[in-house]
Structures are given as C-alpha cells and as structure tokens.
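# The sequence and its predicted three-dimensional model are supplied below.
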Amino acid sequence: MPATVADRTVRLDHLAALSTPTGLFEHALGTAPRVEHGMCVDDVARALVLLARVPSPDARAVTLTRTYLAFVRAAQRPGGRLHNRRSPDGAWLDAPSTDDHWGRAVWALGTAAARLPAGLLALDAHRGATDAMAARSPHPRSTAYAVLGAVELLRVHPHHERATRLLRDARSVLARPRADGRWPWPHARLTYANAVLPEAMLAAGDVLGDEALLADGLLLLGWLVAEQTVDGRLSVVPAGGRGPGDARPGFDQQPIEVAAIAEAAATALRVTRDGAWATVLDRCAAWFEGANDVGVPVRDARTGGGFDGLERTGVNRNQGAESTLAWLACAQLVGTARPRVAW
C-alpha cells in the first residue's frame with residue numbers, strides 16, 4: 001500500500017479571512033479575527049514576504065499583495081523608521097522605530113521588489129526598501145531581518161548602494177559564535193525566531209564573499225538545528241526560551257521558531273546545495289503535521305490556518321496571523337523537497 005503523501009498546499013483561505021482592505025488582524029479567537037486587537041507591521045510584513053513568493057498568484061493573492069504592500073508603505077516615515085501597531089480604523093498607535101518590525105519590513109519590501117513581476121508594485125516596493133534602508137537598528141534580530149531584505153534586493157540589483165552598505169554595517173551587529181562547543185550560541189539563552197540570526201550571517205556572507213561570516217552562520221545554524229532535534233523530529237524552544245541544562249521538552253512551543261528554521265534551511269540549501277538542509281525543511285513542515293513532542297497537528301490543512309502554539313496537552317486552538325503565516329511559509333518553502341540524507 002503506498003505511503004500517504006502529506007498535503008502541503010499553500011491555502012490562503014484563513015489568511016484571507018483575517019485580512020481586510022486595510023491590512024491583517026493580528027489575533028484570532030478560534031478562527032474569528034479579534035478586531036479589537038488591531039494590526040501590526042510585524043505580521044503584515046511576513047504576509048507580504050509569503051505573497052511575493054507565490055509563483056502564479058490568482059486574483060485573490062494579487063489583492064492581498066496590494067493590501068499588505070500598501071500597509072507597510074503607509075507605516076514608513078522619513079529617515080527609514082516605521083510605525084508598527086495600527087488600530088482597526090487605520091490610526092497608528094506607536095512612535096516610529098527600528099525595532100523588529102523595521103527589519104521585517106525591510107525583508108518584505110526587498111523580497112517584493114525582487115520577486116514581484118516588473119511593474120508598479122515592484123517599483124513601489126523598491127522605493128520602500130531603499131527608504132527603509134536609510135535607518136539602522138541596534139537590535140540583532142531586527143538587523144538580521146533587514147539583511148535578508150537587502151540580500152533579496154542585491155540578487156536582482158547587485159549595485160544597490162544602500163543594500164550593500166546595510167550588509168557591511170550589519171557585520172558589527174550580528175554576534176559570532178562563542179568558543180564553547182557545547183553552547184556556541186552567542187547569547188546565554190535561546191529566545192524566539194533564533195534561526196534568523198545565523199541565516200542572516202550566511203546570506204550576507206554569501207553575497208559579500210565573506211567566507212568567515214558564511215562559515216559562522218553555518219556553524220550556528222547547524223548547532224541550532226541539532227539542539228532542537230530529538231529522535232528525528234523537531235523539539236523547539238518554548239515561549240519562555242531555553243538555556244543550557246533546561247528540562248525538555250519545553251512548552252508552549254511557538255510556530256514562529258519552526259518557520260524561522262525553515263527559512264534558514266532554505267537559505268542554507270540555496271547557498272551550499274547540501275541536501276541535508278532539505279531534510280531540515282521537511283522536518284519543519286512535519287512538525288506542523290504532527291511530528292512533534294505531542295504528536296498532534298499544529299495546522300488546519302483544509303484552510304491553511306496555523307494554531308497558536310504547541311502545549312503539553314495539545315494545541316492552542318486560536319489561529320492568529322503569526323502562526324498561520326508560519327505554517328504557510330513552511331509549506332511554501334518545502335515545496336516538493338524530500339529528505340535526501342540523514343541529519
């Protein structure tokens with residue numbers, strides 16, 4: 001009897017249900033948007049990355065792309081900073097800054113500029129990315145996300161001056177491995193979306209021809225994956241983080257951590273052509289399908305919704321934007337890849 005093939009179709013039904021002509025609601029109660037909690041650039045930027053990578057978008061996908069791009073552009077202010085939080089009626093609720101949402105916006109705008117078909121949307125994204133790259137962030141994750149956007153832009157516009165300068169400046173913000181084989185991570189604890197840090201190193205190292213930076217990124221990413229793999233499945237960092245000696249498994253595990261590993265594995269696969277990273281990608285998708293510490297699905301394959309966390313007794317049944325986008329990104333990135341070598 002043939003083995004069952006997992007359904008990894010990128011279905012936008014639930015994402016569309018969380019969206020409006022203005023943007024994307026951050027939270028959900030079950031599947032219903034929590035309108036009172038508003039919207040944020042953090043999630044809309046992730047959504048723009050996802051939509052910009054859809055190879056043959058239908059009319060709904062194009063509409064969502066326009067909405068998300070307009071939201072991010074509306075958040076921008078002179079000097080490169082961005083607002084993050086927005087009320088349901090469209091008012092910005094915070095001061096512009098270069099916190100994590102800034103880095104995600106640069107990632108999204110650079111990706112859209114590079115991957116959308118030539119035309120007004122791609123041109124608008126290019127302008128937005130260029131404007132945002134005038135700023136700098138002191139925060140490592142924000143800088144790492146921005147690096148990913150600069151790399152996307154440089155792959156199609158190799159002489160983009162601001163993108164090149166951003167990559168060069170980022171080298172002083174991205175911390176290198178510690179000389180401790182058991183815990184080479186440059187920080188005392190793993191926290192959230194950890195894999196974006198080594199992903200930025202290897203992506204920037206590849207574009208800049210910086211072999212040392214590339215090697216450091218691969219070392220940290222390889223260690224991070226091994227640190228979060230048990231018996232051939234992912235067992236990821238819980239919401240409270242993890243340090244050396246912490247009990248495992250920890251809960252509640254967040255889908256964003258799995259998506260960050262998938263994004264980094266896809267970059268490592270592109271840069272190194274090492275088939276081991278296809279195995280990692282497959283394990284990321286499999287985590288959502290039930291190959292995790294509890295053995296339950298963390299996504300709704302029928303609608304494309306993602307559950308808001310893996311808990312000791314099951315899943316958080318709410319399907320917010322971050323978790324939904326985490327599942328959709330994994331499904332998108334894994335594509336038709338299958339494990340080719342053991343990790």
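Yes, it's here. Numbers count the residues shown, from 1 in each chain.
# contact partners of stretch 84-94?
Under the criterion CB atoms under 8 Å, 6 or more residues apart in numbering, residues 22-23, 35-36, 38-42, 71, 75, 83, 97, 99, 101 lie in contact with stretch 84-94. No exception for glycine: its C-beta is placed from N, CA and C like everyone else's.
# who wins for neighbours among those?
Highest neighbour count within the contacts of stretch 84-94: residue 41, with 30 neighbours (other CB atoms under 10 Å).
# Show the contacting residues for that one.
Going by CB under 8 Å, 6+ apart, residue 41 touches 71-72, 75, 82-84, 86, 101, 104-105.
# Could you dump those into TSV and include distance to residue 292 and secondary structure?
Listed next are the contacts of residue 41 as TSV, based on distance: CB to CB, whole Å; DSSP: H, G, I helix; E, B strand; the rest coil:
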residue	distance to residue 292	secondary structure
71	32	helix
72	32	helix
75	34	helix
82	34	strand
83	35	coil
84	30	coil
86	33	strand
101	28	helix
104	25	helix
105	31	helix
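# Just send these back as a markdown table, with pLDDT and distance to residue 209 too.
Formatted as a markdown table, those follow (pLDDT from 0 to 100; distance: CB to CB, whole Å):
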| residue | pLDDT | distance to residue 209 |
| --- | --- | --- |
| 71 | 98 | 36 |
| 72 | 98 | 31 |
| 75 | 98 | 34 |
| 82 | 98 | 31 |
| 83 | 98 | 36 |
| 84 | 98 | 34 |
| 86 | 98 | 40 |
| 101 | 98 | 30 |
| 104 | 98 | 26 |
| 105 | 98 | 27 |
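# Next, give me the two most distant ones among these.
Greatest spatial distance in the contacts of residue 41: 86 and 104, 14.5 Å, computed using CB to CB.
# In terms of neighbours, single out the busier of those two.
A direct count of neighbours by other CB under 10 Å for residue 86 and residue 104 places residue 104 higher, at 30 against 22.
# distance between the strand or helix carrying residue 102 and the chain's centre?
Element membership for residue 102 (DSSP states H and E) is helix 100-115. How far helix 100-115 lies from its chain's middle: 11 Å, per CA atoms, centre = their mean, to the nearest Å.
# Likewise for stretch 175-190?
Distance, stretch centre to chain centre, for stretch 175-190: 22 Å (CA atoms, centre = their mean).
# Go through that stretch and flag the buried ones.
Of the residues in stretch 175-190, 177, 183-185, 190 count as buried by neighbour count, 16 or more other CB atoms under 10 Å.
# Quick one: the helices in this structure, in order.
13-18, 41-52, 59-75, 100-115, 120-132, 140-156, 161-170, 196-208, 211-227, 255-272, 276-289, 321-334 (DSSP state H).
# Columns distance to residue 91 on top of those helices, output as a markdown table?
Below are the helices of the chain laid out as a markdown table (distance: least, CB to CB, whole Å):
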| stretch | distance to residue 91 |
| --- | --- |
| helix 13-18 | 20 |
| helix 41-52 | 14 |
| helix 59-75 | 11 |
| helix 100-115 | 16 |
| helix 120-132 | 21 |
| helix 140-156 | 24 |
| helix 161-170 | 30 |
| helix 196-208 | 30 |
| helix 211-227 | 39 |
| helix 255-272 | 27 |
| helix 276-289 | 35 |
| helix 321-334 | 19 |
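# what's the closest of these to residue 242?
helix 211-227 (8.2 Å).
# and the angle for that closest one with helix 255-272?
For helix 211-227 against helix 255-272, the angle by axes from the mean of the first three to the mean of the last three CA atoms, to 10 degrees is 140 degrees.
# Can you tell me what sits against helix 211-227?
Helix 211-227 is touched from outside by 171, 174, 176-177, 184-186, 190, 194-195, 197-206, 261, 264-265, 268, 271-272, 280, 343, with contacts defined as CB under 8 Å, 6+ apart.
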